[in-house]
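Asks: This is a predicted model, with the sequence first.
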Amino acid sequence: MLYAIAILGDESRVAAWTPAEESEVMDRHKQLRQKLTAAGGLGPVMRLQTTATRTVRRYSDRKFITDGPFAETKEQLLGIYVVDVPTFVDAVAATEYLNFEGGIFEISPLTWLGLGVVPEKIPADEICVTRPRK
């Protein structure tokens with residue numbers, strides 16, 4: 001099944017890591033990517049830039065654009081993994097490689113829609129499907 005693992009944390013704390021701390025965390029990311037690649041279960045991985053971006057909120061016909069962070073939280077979205085693993089427990093196990101002080105990991109099942117495919121409605125029984133294999 002496909003899962004998104006959203007990595008959240010305090011970006012100012014992450015920015016203050018020493019080179020050794022950064023290296024240690026990135027080494028664990030590398031180990032996870034190698035493990036998932038070997039099992040054929042690694043999807044896109046992204047590390048987001050700082051929240052010097054904008055947040056857009058829409059309410060009916062009104063649009064509000066504010067400075068980050070992305071949501072009304074103390075943590076910022078730092079990165080995303082898309083993994084194809086057999087169970088939710090396996091997705092949780094992946095976070096052991098990603099763990100850092102103050103890190104929060106939100107795991108959500110995904111539906112594979114394909115590139116450029118936007119269905120009118122996602123059927124409820126297809127919310128947690130495995131992506132098609134080539």
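Replies: Received it, and whenever you're ready, just let me know what you need.
Asks: Mind naming the longest helix for the protein?
Replies: Longest helix of the chain, by residue count under DSSP state H: helix 19-38.
Asks: could you say what helices and strands that helix packs with?
Replies: Here helix 19-38 touches strand 42-47, helix 88-98, going by 3 or more Cβ pairs under 8 Å, 6 or more residues apart in numbering; DSSP states H and E. In short, each C-beta sits where N, CA and C put it, glycine included.
Asks: For the helix or strand just after the last one, buried residues please.
Replies: Same thing as helix 88-98. Next along the chain after helix 88-98, taking DSSP states H and E as the criterion, comes strand 104-109. Using 16 or more other Cβ atoms under 10 Å as the test for burial, strand 104-109 gives Phe105.
Asks: I'd like to check what contacts strand 104-109. Which residues are they?
Replies: 1-9, 75, 88, 91-92, 95, 98-99, 127-128 (Cβ atoms under 8 Å, 6 or more residues apart in numbering).
Asks: Which of those residues are buried, as a PyMOL select command?
Replies: What follows is the PyMOL syntax for the buried subset of the contacts of strand 104-109, where burial is set by 16+ other Cβ under 10 Å:
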select buried, resi 1+2+3+4+5+7+8+9+75+91+95+98
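Asks: Would you point to the one among the helices and strands packed on helix 19-38 that's packed deepest?
Replies: Highest mean neighbour count among the helices and strands packed on helix 19-38 (mean count of other Cβ atoms under 10 Å): helix 88-98, with a mean of 15.
Asks: Helix 19-38 and that helix, what's the angle between them?
Replies: Relative orientation of helix 88-98 versus helix 19-38 (axes from the mean of the first three to the mean of the last three Cα atoms, to 10 degrees): 150 degrees.
Asks: and helix 88-98, what does it pack onto?
Replies: If you count contacts as 3+ Cβ pairs under 8 Å, 6+ apart, helix 88-98 packs onto strand 2-9, helix 19-38, strand 76-84, strand 104-109.
Asks: so where's the protein shaky on pLDDT?
Replies: 49-58, 63-74, 112-134 (pLDDT under 70).
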